[in-house]
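1. pasting the sequence and the predicted model now:
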Amino acid sequence: MTALPRRHWGDKLSPRRALLVHGLSSDSGSWWHVAEELALDGWHVTAVDLRGHGGAARETRYRLADYAGDLPGDAWNLVVGHSLGGAVSVLAAQRAGFTARLVLLDPLLDVPEEQAEAIIADQVAELDYTAESIARDRPHWHELDRASKLTGVQRVHVAAVVQTFIDTGRWDVTAEATALRVPTLILAGDPAVYTMLHPGTVESIANPLIEYRVIEGAGHSPHRDSPRETVAAIRSWLVEH
């Protein structure tokens, strides 16, 4: 089990505790906008650097189960995970009492074998980001989002990007998603733009506790592509749950 570096926002004495789990080749800084907004609502927010990312230790193994086993604590009132962090959070939520609620931002729940090679190539290509290229490719992102993504790719253990797929083997946590016993919100990217969560995958998960919404106009990173709409969706869902 790897001890993960953490960042905090909000009142540390707040009874409402949220954990934020980033995606591949990002780090805890990628959550700045969501974390600040939740802190304004009275949450004490913790974001971690996953193993091999940010300031966390470099490891020799990067299975989804390893990432999930690293996530700290239990009795979270809310856990929010993006992409890889979404899959990892689903696995961690199998632990009794880990969290009361779960929000998944375009989670990578299933990697079909025929798509794995292309997905790995896309993830490796991100490692070549420069300030200029990310500004060109993500002009709609806030400058802090571009800066945090650049920091993420510069600090990630390069081997982890590919090893996460190799060590995991068949990447599929849909059975675990079906087994979730806490209210769960999935906020997916718009299929007309780009999403790594195929609508058919969601349809295959028979779980009445899961609510599925699309953030129109957003791609794979709803919290960076459409931050206002993403935070509004999280807030409205929390009021109901």
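-> Looks like it came in fine. Predicted, not measured: the structure shown is a model, and the values here were computed from it.
2. what is the end-to-end distance of stretch 71-88?
-> Terminal residues of stretch 71-88 are spaced 9 Å apart (CA to CA, to the nearest Å).
3. residues of it that come out buried?
-> For stretch 71-88, a neighbour-count test (16 or more other CB atoms under 10 Å) marks 71, 76-88 as buried. The way it works is simple: take the backbone N, C-alpha and C, and place the C-beta from them, glycine included.
4. try stretch 56-73
-> Result for stretch 56-73 [16+ other CB under 10 Å]: buried residues 56, 59, 62-64, 66-68, 70-71.
5. please, which helix or strand holds Ala218?
-> Secondary structure here is read from DSSP states H and E; on that basis Ala218 sits in neither a helix nor a strand.
6. got the confidence number for it?
-> Model confidence at Ala218, expressed as pLDDT, equals 97.
7. what is the burial count for it?
-> Ala218 has 25 neighbouring residues, counting by other CB atoms under 10 Å.
8. isn't it right up against Ala233?
-> No: at 10.3 Å, Ala218 and Ala233 do not qualify as touching, with contact defined as CB atoms under 8 Å.
9. looking at the chain, which helix or strand does the model trust least?
-> Here the helix or strand of the chain ranked lowest by mean pLDDT, DSSP states H and E is helix 199-203, holding a mean of 86.
10. show me what counts as buried in it.
-> Of the residues in helix 199-203, those buried (16+ other CB under 10 Å) are 201-202.
11. which residues touch that helix?
-> Contact with helix 199-203 is made by 109-110, 174, 186, 188, 191, 210, 212, as judged by CB atoms under 8 Å, 6 or more residues apart in numbering.
12. can you rerun that using 7 Å?
-> 109-110, 174, 186, 191, 212 (CB atoms under 7 Å, 6 or more residues apart in numbering).
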